Each structure stands twice: as C-alpha cells, then as structure tokens.
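Q: Generate a structure from the sequence data that follows.
(chains A and B)
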Amino acid sequence: MKVYLDNAASTRVDKRVVDAMIPFFTEKYAVPSSQFAHAYGIEAKDAVDGARTLISKKLGGKFPEEIIFTSGGTESNNLAAIGVAFANAEKGKHLITMQTEHNSVLNPFKRLEKEGFEVTYLPVDKDGIVNIDTLRKSIRDDTTLVSIQYGNHETGTVQNIKDIAKVVKEKGALFHTDAAIAWPYLPIDAYKWGIDLITLSPHKFHGPKGIGILFVKKGTKIEKIMNGGYNEFNLRPGTENVPAIIGAKKAIEIFSQKDVAYIASLKKRLLNDIKTNIKDIEINGSMEHSSPHILNLTFKYVEGEAVSLRLDFEGIAVITGSACYSRNLQASYILMAMGREHEQAHGSIRFSLSKYNTEEEIDYTVQKTEEVIKSLRELSPLGKEDRE
Amino acid sequence: MYPKIIKEHFADPKNVGKIKNPTNIGSFTTPTGAKAIFYFLIENNVVKDIKYQIAGCPFAIAVCSILSEYAKGKSIDGLKKITMSSLEQFFKIPQEKEDCINMSLNAFLNGLEMTK
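A: Alright, predicted model coming up:
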C-alpha cells in the first residue's frame, strides 16, 4: 500500500485544478499586461482579475487589488517582511516575529538585522504557543511590523491570530501572518480581525506549485523588493503565472470544509490508535490549538530518519525533525524552541494528512508504525531499563 | 541517496543485541541524542563474537552492522586501524552523514581499546 503523509510539504493537485489550468497553457497564453494591445491580453486580464476577486472575498478582503501573486509562500513572506520594513523605516526600525516561524520569515528578518533593523524573536511555550502579553509588552513606538505564523508547518500548532491582530492594531503596528499551512483549513477574516498582510501557498491545498499569494490590505505601506516592470500594482514585477493563478483560484473555489472535518477525523484516528498501540510517545505541539491535518509525535528511544526510512520501505511517506535528517545537522529549531531536548527532536515524526487519505491507509500506517518502532527499539540501547 | 549496502544492512541489520559476558565494551553518544554500544568477545587478540545496540539514523545502524560482520574472526590489531576513509571501501560517505557514521565507528574503536 502507498500512503502519502507528507501533505504539509506539498499536496496532490486536484484534477479539477489541472483541468482549469490547461487552457491557459495552450489557448489563452497571453499575459494580462497586454490588455490594452489585444483581445488575448484582455482575456488573461479578466481571468486573473476573477481570481483576485474570489481570493480577496474568501480572505475577508474588500478589493481585488489587495491580492498580489508571487512565486510562492517564500516570496510572499520575503515581500511582506522586507517590503514593509523598508517602506516604514522612517517611522521605526523595530520588528517582531516568533522563534518558530518558517525560515522564509526568519531569514528575511535576519537579513534586516544586518541592514540596521532591530528584531525581537518572541519565545513560545511547550505547546509552541506565543504569549500575547509578552507580545503586547514587546511592541514599542518604533515597532512597524509584527509577523506571527498562523499554523506551524512542523507541529501544526495554531496561534490565536485574531487576538494577536487586535493587540498589534491597538499598538499601531502592521500585522502579517504566514498562513501557508493554516489556510484554508482554518478560517481567516482580514478586515474583521485586523490583519494587514497574509501569506498563502496554494500547493498546500491541492493547487499548483510556483504560485504564492500575498494579501496586502489597501493603504498598507509596502515597497517592492525585486526590480523590473510594473506588474501586480507595481509591487511584484515579472510575468504573471496565469495558469498557476487560475489553478490557485480553482483550488480555493473547490476547497471544502467537509474535507477538513474528514481530515480531522483521520488525524484523531491516527493519534488514538498510535496511543493505544505504541508506548512511550510524546505529542509535539498543541492538541487544543492545532491544524486539522498535522500530527507531530516523538517516539522515544529511536531516531526519526530510521523511522521514516523503514516506513518508506512499507510505502508510507513521513518526515522527521531529527538532526541526522536535516541538511544543517541541527535538531529541529521549532522543537528546541518549545523546550524539547535533543533526544526528543531525535525521534520526532510529522504525519500530515489530506483529503486523499483513507481510513484504511491510516490503519495500515498505525500497524506499520507499530512494527517499525518495535523493531528499532529492539536495536536501541536507550530506555531499556524502563522497558525490560 | 542511500547506497545499496546501507539500505540492505539498515533493512536487516546483522549481529544485533548484547553478549552475555563480553570482554570489551565501547560506546559513543552524540550531542544530538544518538548512541551506539558495541560488545566484544575477544580471545587471543581475535574477535570471537561481536554485537551492538544502536539508536541512530540508517547510516549509523548500517555501519554498525557492516563493522560487526567485518570484524568477526579478525585480529584486533588490524581492526584498530580502521578509519573513516577505510569505510569508503564499502560505500561513498556523504559529507552530511559523517557525524552519524563516526559515532558508530567510535563506539566500535572504543570497544577495541577498552576492556570491560
């Protein structure tokens, strides 16, 4: 049996998305910027505008031009962090983010530190949740931007961005959230909640790769970070990826909350059955405030890459936060920020689900995980006193 | 990404476990939480039996298995001379796996040096 449980990395593109995209490769291949030259251009412009209108509405925005298309979540996060920091540098040079953000947020902030900005990296608790009072106290008169991730890509932990946005707005700073993992699995309402910038990544919910979205509330002071033409309201130069924009639109259009409830039921089944059948596990992340599709567990006394490779032998795809697996040989900085020990990160496994997974696949995964953990623990010198 | 020999030994590691009355034991732990222990039965400078326990990645596990098979019946004087580069006769060592492989090799070499 083949079981893909790495959906937080990327998802299978829905067939309806592919079908919607194809005409924009083979028939409607003009670009929107040719709208004043020919009918092909107008057709492309109309299609892209239709996507903007739909996405803006779904996010609780008010204007289609609040939707900026980029190359992906990474570019959206870079544009939000660097574009807002520089555009507001006269007001202040203090920025706030969180220690468990995705690298595409952390590394732009690190670059900004080299450019003379000061950055506060807020800590998180053992579940990965940021303290709103700590955030409130960290916002200063010269703070221009606060960026807090909605759902964490490794643990699934979800921040209360509604209350966070309120605090940030009270203090007069701009608020960005990286919602690449959380949305549309979890709701967002840009205007009602007071969010100025939102990063989205359609390939995380059955859309195509190569397209990202940055919602920028009208009136937000932001400048472009790449130099080129005047595309995307002069904020993001480069030829619009029209087929991918149409694919993103379709993925958003067909996304169903019924699927979310189904995925959440699979996650519950997976966790409960693992808990019943495998001893000495720990949950990494909040269970109460959690994305419905991500489950991160530590299997004590074994190493995560060994677990994932053994599961791969059985056709099951997962990833680990172990140092052995990471390209920088560091244990997951996210689990470390949550106060985990190296040993706990060492045996961590992320299962991430999608609407294409079945109950049979979950049952098979539990059975194989039990076998793999049993076999690797037999090899392991750790925890023997507790187990023998 | 994984050489064939690593995959094979990782899928079915040989000589796993403990020896009841070992003459030598060697272990090594990494700061990242991995650990390997080798148990030897050495008679007249020759490895009569060898077993190990390991909590590590596929490379670390496979290297324990490869070393255990290689060492059986061999003189410890020759085995003490094994280095990272001598492992290259079995597979090409990826740079990012050096620490993991080193752990297994160090546990093995520590065992040859340290009597129980």
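
Q: And for residue B:22, the neighbour number?
A: 19 (other C-beta atoms under 10 Å in any protein chain shown). Placement of C-beta: from N, CA and C, glycine included.

Q: Just the element for residue A:260, please.
A: Using DSSP states H and E, residue A:260 sits within helix A:257-277.

Q: So which bits of the helix or strand that that helix is followed by are buried?
A: Once the chain leaves helix A:257-277, the next helix or strand it forms, by DSSP H and E, is strand A:281-283. Buried positions in strand A:281-283, judged by neighbour count with 16 or more other C-beta atoms under 10 Å in any protein chain shown: A:281, A:283.

Q: So which bits of the stretch 101-250 of chain A are right by chain B?
A: Residues of the stretch 101-250 of chain A found near chain B (C-beta under 8 Å from any C-beta of the partner chain): none.

Q: ok, the residue of the stretch 101-250 of chain A found nearest chain B - contacts?
A: Going by C-beta to the nearest C-beta, chain B is nearest to residue A:154 of the stretch 101-250 of chain A, at 16.8 Å. Applying C-beta atoms under 8 Å, 6 or more residues apart in numbering or on different chains to residue A:154 gives the contacts A:8, A:100, A:284, A:294, A:296, A:321, A:332, A:334-335, A:350.

Q: Mind doing that once more with 10 Å?
A: Residue A:154 sits next to A:8, A:100, A:102, A:128, A:181, A:284-285, A:294, A:296, A:319, A:321, A:332-335, A:338, A:348, A:350, A:352 when contact means C-beta atoms under 10 Å, 6 or more residues apart in numbering or on different chains.

Q: For it, give me the pLDDT.
A: We have a pLDDT of 96 for residue A:154.

Q: same thing with the one 10 residues further on?
A: Per-residue confidence (pLDDT) for residue A:164: 98.

Q: My read is that residue A:171 contacts residue A:135, right?
A: Yes: assessed by C-beta atoms under 10 Å, residue A:171 is found in contact with residue A:135 at 9.2 Å.

Q: what ranges of chain B fall below the confidence cut-off?
A: B:115-116 (pLDDT under 70).

Q: can you pull out the helices in it?
A: Secondary structure of chain B (DSSP state H): helices at B:4-11, B:58-71, B:76-79, B:84-87, B:98-113.

Q: any idea which of those helices is most buried?
A: The highest average neighbour count among the helices of chain B, using mean count of other C-beta atoms under 10 Å in any protein chain shown, belongs to helix B:58-71 at a mean of 26.

Q: Next, the angle from it to helix B:4-11.
A: Using axes from the mean of the first three to the mean of the last three C-alpha atoms, to 10 degrees, the direction of helix B:58-71 lies 90 degrees away from that of helix B:4-11.

Q: just how off-centre is helix B:58-71 within its chain?
A: When distances are taken as C-alpha atoms, centre = their mean, to the nearest Å, helix B:58-71 is centred 5 Å away from the chain's centroid.

Q: ok, back up a step: make sure I have this right: the residue of the stretch 101-250 of chain A closest to chain B is in a helix.
A: No: under DSSP: H, G, I helix; E, B strand; the rest coil, residue A:154 sits outside any helix and is assigned coil.

Q: show me the contacts for the residue in the stretch 151-300 of chain A positioned nearest to chain B.
A: Ranked by C-beta to the nearest C-beta, the top residue of the stretch 151-300 of chain A for proximity to chain B is residue A:300, at 9.5 Å. By C-beta under 10 Å, 6+ apart, residue A:300 lies in contact with A:278-282, A:343-344, A:346-347, A:373, A:377, A:380, A:382-383, A:386-387, B:55.

Q: picking that back up, buried set for the helix holding residue A:260?
A: So, applying 16+ other C-beta under 10 Å, buried residues of helix A:257-277: A:259-260, A:262-264, A:266-267, A:269-271, A:273-274.

Q: next one: that helix to chain centre, how far?
A: Relative to its chain's centre, helix A:257-277 lies at 20 Å (C-alpha atoms, centre = their mean).

Q: Equivalent analysis for stretch A:313-329, please.
A: 19 Å.

Q: what's the spacing between stretch A:147-167 and its chain's center?
A: The chain centre lies 11 Å from the centre of stretch A:147-167; the measure is C-alpha atoms, centre = their mean.

Q: List the buried residues of it.
A: For stretch A:147-167, by 16+ other C-beta under 10 Å, it's A:147-159, A:161, A:164-167.

Q: Against residue B:73, how distant is the nearest residue to residue A:242 once chain neighbours are set aside?
A: Spatial nearest neighbour of residue A:242, excluding adjacent residues (C-beta to C-beta, 6 or more residues apart in numbering or on different chains): residue A:24 at 5.0 Å. Taking C-beta to C-beta, to the nearest Å as the measure, residue A:24 falls 67 Å from residue B:73.

Q: Between those two, which has more neighbouring residues?
A: Neighbours were counted for residue A:24 and for residue B:73 using other C-beta under 10 Å; residue A:24 has more, 21 against 10.

Q: A strand includes the more buried one, no?
A: No: using three-state DSSP, the assignment for residue A:24 is helix, not a strand.

Q: circling back: tell me which other helices or strands the helix holding residue A:260 touches.
A: strand A:281-283, strand A:294-299, strand A:348-352, helix A:359-379 (3 or more C-beta pairs under 10 Å, 6 or more residues apart in numbering or on different chains; DSSP states H and E).

Q: show me where the stretch 151-300 of chain A has helices.
A: Secondary structure of the stretch 151-300 of chain A, counting by DSSP state H, counting those that start in this stretch: helices at A:161-170, A:190-193, A:231-234, A:242-254, A:257-277.

Q: so what's in contact with residue A:171 and residue A:135 at the same time?
A: Jointly contacting residue A:171 and residue A:135 under the rule C-beta under 10 Å, 6+ apart are residue A:146.

Q: Please say which of those two ends up with more neighbours.
A: Between residue A:171 and residue A:135, counted using other C-beta under 10 Å, the more crowded position is residue A:135 (21 against 16).

Q: and the end-to-end length of stretch A:151-167?
A: One end of stretch A:151-167 to the other measures 19 Å (C-alpha to C-alpha, to the nearest Å).

Q: Identify each buried residue in stretch A:343-357, please.
A: Going by 16+ other C-beta under 10 Å, stretch A:343-357 has these buried residues: A:343-355, A:357.

Q: Just give me how far that stretch sits from the chain centre.
A: Taking C-alpha atoms, centre = their mean, one finds the center of stretch A:343-357 at 15 Å from the center of the full chain.

Q: what do you get for stretch A:140-160?
A: Relative to its parent chain, stretch A:140-160 has a centroid offset of 11 Å by C-alpha atoms, centre = their mean.

Q: Next, the contact list for the residue lying closest to residue A:110 once chain neighbours are set aside, please.
A: In this structure, residue A:110 finds its nearest non-sequential neighbour in residue A:119, 7.6 Å apart by C-beta to C-beta, 6+ apart. By C-beta under 10 Å, 6+ apart, the contact set of residue A:119 is A:81, A:85, A:93-97, A:106, A:108-110, A:112-113, A:145, A:147.

Q: now swap in residue B:47 and tell me
A: Neighbour list for residue B:47: B:23-24, B:40-41, B:68, B:70-76, B:79, B:111-112 [criterion: C-beta under 10 Å, 6+ apart].

Q: Specify the beta-bridge partners of it.
A: Here residue B:47 shows beta-bridge partners residue B:42, assigned using DSSP bridges.

Q: Isn't residue A:164 up against residue A:138?
A: No: counting by C-beta under 10 Å, residue A:164 sits too far from residue A:138 to count as a contact (11.6 Å).

Q: Quick check: neighbours shared by those two?
A: Contact criterion C-beta under 10 Å, 6+ apart; residues shared by residue A:164 and residue A:138: residue A:146.
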